[in-house]
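S.K.: Here is a sequence together with a model predicted from it:
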Amino acid sequence: MPNLSRTFPSLPVSFTGQSLVSHAGTKVLTEFLDALDFGRLCDDRLGQFVPAGARHRPGRLIGPLALMLTAGGEHASDLDIFRAAPDMFGQLPSNATVSRFFERTVANPELFAYGFETLTRELRSRAWEAAGNRNPAVRATAADPLIIDLDATLVTSHSDKERVAGTYKGGYGFAPFVASADYGTANGTGEILAVLLRPGNAGANSADDHIRVFETATAQLPAAFNDAVGRLDGKRILVRTDSAGASRKFLWYLHAAGAQFSVSYPVPAAKAHMIDWINDKTNWQPALDQHGNERTDAWVINATDIIPLTDYPPGTNIYLRAEPLHPGAQPTLLDLDGHRITAFLTNSPRWHGPFLDARHRARGRCENRIKTLKNTGLGKLPFFDFAANQAWANIAALAGNLVSWLQLTALPDGHHARNWDIKAWRYRLFAAAGKIISRARRKHLLLPEKAAERALIARILDAIEQLRDPRPVPI
């Protein structure tokens with residue numbers, strides 16, 4: 001056989017009894033969970049879902065599952081990767097133990113949902129407090145409120161499960177409703193506040209579902225968003241949705257709660273003639289891009305006086321945006337003089353149309369958070385029982401939020417990892433290999449000196465140590 005030119009070095013392979021650890025980079029997550037006192041909180045809120053005296057308490061069940069989903073696993077059986085390194089991850093529950101835990105959640109889904117919601121609310125409160133001046137609750141004002149995006153998505157089911165149904169796209173599965181918090185372009189990727197699992201044929205424009213997911217999401221916010229008597233301080237919250245959230249019932253509900261809203265609005269065809277002055281830009285303002293720079297080919301105007309709104313909450317304004325059709329876009333009857341007209345409704349106390357338009361268009365970032373949620377477990381719901389899949393969806397949200405909270409608490413403004421998506425964290429940091437050694441009768445984890453993100457790992461571990469012991473360092 002002729003000699004081959006190898007692409008990679010040829011190394012002989014053998015097996016060793018040394019304590020080598022894959023996914024050693026997840027050490028930052030295990031330390032972070034312990035710094036938040038995750039185990040004790042889990043036992044306090046969900047202790048009734050494991051037998052008294054059981055070896056594996058709720059924290060030892062939910063924690064490893066969330067860790068596995070964050071690191072790239074998809075099923076409970078993927079815990080095998082962590083079971084191979086008990087010195088680092090401890091003795092993990094078997095697949096049968098995990099299965100029995102989810103069976104108990106099916107027996108009392110309302111109690112599990114309440115316990116898990118209060119658990120994540122406390123974790124979020126501690127993580128946000130540790131963020132200092134980056135705390136979203138501290139930054140939120142009536143002029144710059146915390147933005148909560150509401151959006152539905154589809155999850156395909158490849159087998160028969162409880163409450164699966166056909167979807168409007170011709171598929172078969174579920175249509176979960178997701179509420180997420182947007183920190184803004186420079187403050188991290190944002191996080192998931194609530195996941196409402198629904199059958200695949202659930203309507204996207206259900207006002208009742210919008211209200212339900214909003215109530216679940218706001219119940220997850222720290223106490224700083226409540227007034228002195230415990231009511232929601234709605235003026236520091238803005239709800240952003242697509243046109244499915246433009247129902248009068250939902251907007252009146254938000255008005256009663258004192259919350260701001262920014263929702264897409266379909267311009268009625270009967271009123272198209274009222275905007276046929278599109279070529280006259282005298283009263284229009286140049287639109288802004290996401291960096292605050294003016295665009296020369298897009299315009300915004302407050303059209304409340306031109307397109308009257310009936311039976312909407314007081315203070316609701318309609319803004320129009322006009323821009324040339326994008327290449328390949330299909331023209332419609334509402335496209336005038338080669339321009340696409342879109343609209344949104346808002347009751348914001350700010351009146352600068354281009355700013356409000358740019359803020360509303362940033363709603364597209366919620367698609368990235370939903371994509372992350374699917375990559376951390378929502379994309380493959382493993383159980384037959386609907387309640388068990390809802391519990392899995394909640395753990396998937398926790399898995400994605402662990403990274404968001406790390407970005408918020410451990411990384412300074414402008415750090416390159418503040419806007420990494422979950423795949424970047426997995427490939428560059430979590431997948432780092434390590435080795436367990438014994439030194440001075442204690443076990444130590446060794447990570448490669450030349451690890452691609454050595455500095456990032458060291459920075460995060462230092463920040464977590466400060467979170468664990470927040471006393472000031474003596475000078």
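M.R.: Alright, I've got the coordinates.

S.K.: any low-confidence regions in the stretch 201-350 of the chain?
M.R.: 268-281, 327-338 (pLDDT under 70).

S.K.: Strands along that one, start to end?
M.R.: Secondary structure of the stretch 201-350 of the chain (DSSP state E, counting those that start in this stretch): strands at 237-241, 260-264, 285-288, 294-302, 317-324, 339-346.

S.K.: Out of those, which one sits most buried?
M.R.: Of the strands of the stretch 201-350 of the chain, the one with the most neighbours on average (mean count of other CB atoms under 10 Å) is strand 237-241, at a mean of 26. Where you see a C-beta, it was placed from the backbone N, CA and C, and this is true even at glycine.

S.K.: mind giving me JSON lines with the strands of the stretch 201-350 of the chain and columns for distance to Ala207?
M.R.: Formatted as JSON lines, these follow (distance: least, CB to CB, whole Å):
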{"stretch": "strand 237-241", "distance to Ala207": "11"}
{"stretch": "strand 260-264", "distance to Ala207": "12"}
{"stretch": "strand 285-288", "distance to Ala207": "30"}
{"stretch": "strand 294-302", "distance to Ala207": "26"}
{"stretch": "strand 317-324", "distance to Ala207": "19"}
{"stretch": "strand 339-346", "distance to Ala207": "14"}
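
S.K.: which one of these lies closest to Ala131?
M.R.: Ranking these by proximity to Ala131 (CB to CB) places strand 237-241 first, at 18.1 Å.

S.K.: Could I get the contacting residues of Arg428?
M.R.: 420, 452-453 (CB atoms under 8 Å, 6 or more residues apart in numbering).

S.K.: Now list the buried members of the residues you listed.
M.R.: Buried subset of the contacts of Arg428 (neighbour count, 16 or more other CB atoms under 10 Å): 420, 453.

S.K.: which among the contacts of Arg428 gets closest to Glu162?
M.R.: When the contacts of Arg428 are compared against Glu162 (criterion: CB to CB), the nearest one is Trp420, at 35.9 Å.

S.K.: part of a strand, is the closest one?
M.R.: No: using DSSP: H, G, I helix; E, B strand; the rest coil, the assignment for Trp420 is coil, not a strand.

S.K.: ok, now which ones touch it?
M.R.: Shown in contact with Trp420 (CB under 8 Å, 6+ apart): 189, 407, 428.

S.K.: Please tell me how far Ala358 sits from Val195.
M.R.: Distance from Ala358 to Val195, counting by CB to CB, to the nearest Å: 28 Å.

S.K.: and Phe8, how many neighbours?
M.R.: 5 (other CB atoms under 10 Å).

S.K.: thinking again about what came up before, using a markdown table, lay out the contacts of Trp420 together with secondary structure and distance to Ile437.
M.R.: Putting the contacts of Trp420 into a markdown table (DSSP: H, G, I helix; E, B strand; the rest coil; distance: CB to CB, whole Å) gives the following:
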| residue | secondary structure | distance to Ile437 |
| --- | --- | --- |
| Thr189 | coil | 35 |
| Gln407 | helix | 31 |
| Arg428 | helix | 24 |
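
S.K.: Show me which of those residues is closest to Leu381.
M.R.: When the contacts of Trp420 are compared against Leu381 (criterion: CB to CB), the nearest one is Thr189, at 23.1 Å.

S.K.: Quick check, that closest one in contact with Asn368.
M.R.: Yes: counting by CB atoms under 8 Å, Thr189 touches Asn368, with 6.9 Å between them.

S.K.: Nearest to Leu447 among the strands of the stretch 201-350 of the chain would be which one?
M.R.: It is, among the strands of the stretch 201-350 of the chain and with distance given as CB to CB, strand 237-241, at 40.6 Å.

S.K.: Ala358 and Val195: which has the busier surroundings?
M.R.: Regarding Ala358 and Val195, a neighbour count based on other CB under 10 Å identifies Val195 as having more, with 25 against 20.

S.K.: of the contacts of Arg428, the lowest pLDDT goes to which?
M.R.: Among the contacts of Arg428, Ala452 has the lowest pLDDT, at 87.

S.K.: Chain neighbours aside, what residue packs nearest to it?
M.R.: Excluding its sequence neighbours, the residue lying closest to Ala452 (CB to CB, 6 or more residues apart in numbering) is Arg428, at 5.7 Å.

S.K.: repeat for Asp242
M.R.: Nearest residue to Asp242, sequence neighbours excluded (CB to CB, 6+ apart): Ser264, at 4.8 Å.

S.K.: Over to Glu74?
M.R.: Here the nearest residue to Glu74 in space, its sequence neighbours aside, is Lys380; by CB to CB, 6+ apart that works out to 5.2 Å.
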